[in-house]
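1. Got a predicted structure here, sequence first:
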Amino acid sequence: MKKILLILSIFTAVSACKVNPFTGQKTLNFYPNSQIFPMAFAQYDQFLGENDVVNGTSEAHMITRVGQRISSAAERWLAANGYPGYLNDYKWEYNLVKDETVNAWCMPGGKIVFYTGILPICQGETGVAVVMGHEVAHALADHGAQRMSAGTLQQIGAVAGNIAIQDPEKRNMFNQAYGIGSQLGVMLPFSRGHETEADRIGLQIMAIAGYNPYEAAELWKRMKAQSGGQSPPEFMSTHPSNDTRINNLTAWAPEAAAEAAKFGVTNFK
Ligand SMILES: [Zn+2]
């Protein structure tokens, strides 16, 4: 009986998957926006309340300006490709937070944070657009919800093993092996896949927004130089190596420029 329930829950999970409009592929996501977004919005507000948000400076204005241009480019792309209303539940917000960490992130539903620490590497508006395109792309592709879905499946798999294995000692061994195995074998490549997808989608929407897609690889070269070879080997990391990223972005830039031309954008800043 438990096994039947398990199979049923996996079946429900997989059949509820949405299609990613940018890749046309089914995604592992069985949480509706209505369940995820309010949680994300509350977490985002809490984060802003507990951190040093920069307001009113030219840099803060730049983050908002670039964010609005990129999300409106995404909206145009979605409308032109048969997905009007896709962003109805999104509540875009772009904040700059005073923190030396070299990072930016996005929560489901379009809640974005840039740390001031990433600005010297961005070197201005086009660099910000590279990072913003990537973060907006994560939000569009529901990567946060997919990660939660994968986490749930990972737990379901662990439960299945514990039901199947009677001997406690073997069960402990299973739990250890499963925890490590599913982390390295499934969750990390899954995240790396998301990163690569966000790089590709991000490049297209930054180009549609009028930013030079050929600058994206340049930003990652600066990122590589700044990290001084400190990044972990690729298979251990949720992020592709800098070299993989630079090669991909260089190869995809013409495709992004061609996509922008469809929207009448041929001159980039
Ligand atoms: Zn990312």
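-> Thanks, I have it.
2. rest of the way, CA atoms for contacts and neighbours
-> Will do.
3. which residues of the stretch 51-200 of the chain fall in helices?
-> Assigned by DSSP state H, counting those that start in this stretch, the helices in the stretch 51-200 of the chain fall at 58-80, 119-122, 125-140, 143-164, 168-182, 188-208.
4. Identify each buried residue in the last one, please.
-> Right, helix 188-208. 188-192, 194-208 (16 or more other Cα atoms under 10 Å).
5. The first one too?
-> Using 16+ other Cα under 10 Å as the burial criterion, the residues of helix 58-80 that qualify are 59-64, 66-71, 73-78.
6. show me where pLDDT drops low in this structure?
-> Applying pLDDT under 70 to the chain flags residues 1-20, 22-31, 142-190, 228-239.
7. How many neighbouring residues does the residue lying closest to Leu78 once chain neighbours are set aside have?
-> Among residues not flanking Leu78 along the chain, Pro84 sits closest, at 6.1 Å (Cα to Cα, 6 or more residues apart in numbering). Residues near Pro84, counting by other Cα atoms under 10 Å, number 13.
8. Next, give phi and psi for Pro84.
-> Dihedral pair for Pro84: phi -70, psi 150, per degrees, to the nearest 10.
9. So it versus Trp220, what's the distance?
-> 33 Å (Cα to Cα, to the nearest Å).
10. what do you get for Ile205?
-> 18 Å.
11. just Glu59 next, same as before
-> Plainly put, Glu59 is 21 Å away from Trp220 if you go by Cα to Cα.
12. do the same with Tyr115
-> Separation of Tyr115 from Trp220 (Cα to Cα) stands at 17 Å.
13. How about Gly110?
-> The spacing between Gly110 and Trp220, counted by Cα to Cα, is 23 Å.
14. With Asn212 instead?
-> Look at Asn212 and Trp220: by Cα to Cα, they are 14 Å apart.
15. what does Ser58 give?
-> As judged by Cα to Cα, Ser58 and Trp220 stand 24 Å apart.
16. Ala207 too?
-> 17 Å.
17. Ala198 now?
-> Taken as Cα to Cα, the span from Ala198 to Trp220 is 14 Å.
18. Neighbour count: Gly110 and Trp220, which is higher?
-> Ranked by neighbour count (other Cα under 10 Å), Gly110 and Trp220 place Gly110 first, with 27 against 22.
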